[in-house]
Every structure is written in C-alpha cells, then in structure tokens.
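>>> got a sequence here, can you build the structure:
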Amino acid sequence: MIGDAVYGLEPMSASALKNLLFRIRKKFGKDFIETFPELGYKVKL
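Prediction:
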C-alpha cells in the first residue's frame with residue numbers, strides 16, 4: 001500500500017492519504033494512480 005511505504009507502521013489519516021495522492025498526481029499526471037472505490041489505489045507503470 002502507498003501509505004505503508006511512506007508512513008511505515010504509523011497510522012495514516014484519510015486527509016494525509018488524500019494529500020499524498022494529490023501531490024503524486026500533480027507531479028506525475030492524473031493517470032499515474034488509478035482509484036478503485038472501496039478497494040484502494042493502483043500505480044500504473
């Protein structure tokens with residue numbers, strides 16, 4: 001999971017995850033990370 005790679009074992013708030021995804025998408029483009037509602041996210045390589 002993206003949050004685990006960044007925050008390790010510390011809990012990650014929903015707003016922190018949302019902000020992280022926003023910054024990643026801003027840097028790499030909106031299609032770099034795919035959202036799966038109720039499941040999670042997928043990085044497209």
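>>> what confidence value was assigned to Lys44?
We have a pLDDT of 87 for Lys44.
>>> that one: neighbour count?
The tally of other residues near Lys44 (other Cβ atoms under 10 Å) stands at 9. (Each C-beta comes from the backbone N, C-alpha and C, glycine too.)
>>> who's in contact with it?
Asp31, Phe32, Ile33, Glu34 (Cβ atoms under 8 Å, 6 or more residues apart in numbering).
>>> pick out the residue nearest the middle of the chain.
Closest residue to the average C-alpha location of the chain: Leu21 at 4.1 Å, with Cα atoms, centre = their mean.
>>> grab the nearest non-local neighbour of that residue.
Ranked by Cβ to Cβ, 6 or more residues apart in numbering and with sequence neighbours excluded, the top spatial neighbour of Leu21 is Ile33, at 6.1 Å.
>>> so who does the one you found touch?
Taking Cβ under 8 Å, 6+ apart as the test, what Ile33 contacts is Ile2, Leu21, Ile24, Arg25, Tyr41, Lys42, Val43, Lys44.
>>> make TSV out of those and add distance to Met12 and secondary structure.
Compiled in TSV, these are given as follows (distance: Cβ to Cβ, whole Å; DSSP: H, G, I helix; E, B strand; the rest coil):
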residue	distance to Met12	secondary structure
Ile2	9	helix
Leu21	11	helix
Ile24	14	helix
Arg25	17	helix
Tyr41	13	strand
Lys42	17	strand
Val43	17	strand
Lys44	22	coil
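>>> tell me the one of these nearest Ser15?
Of all these, Leu21 has the smallest distance to Ser15: 10.9 Å, by Cβ to Cβ.
>>> ok, that closest one touching Tyr41?
Yes. Leu21 is within contact range of Tyr41, at 6.9 Å (criterion: Cβ atoms under 8 Å).
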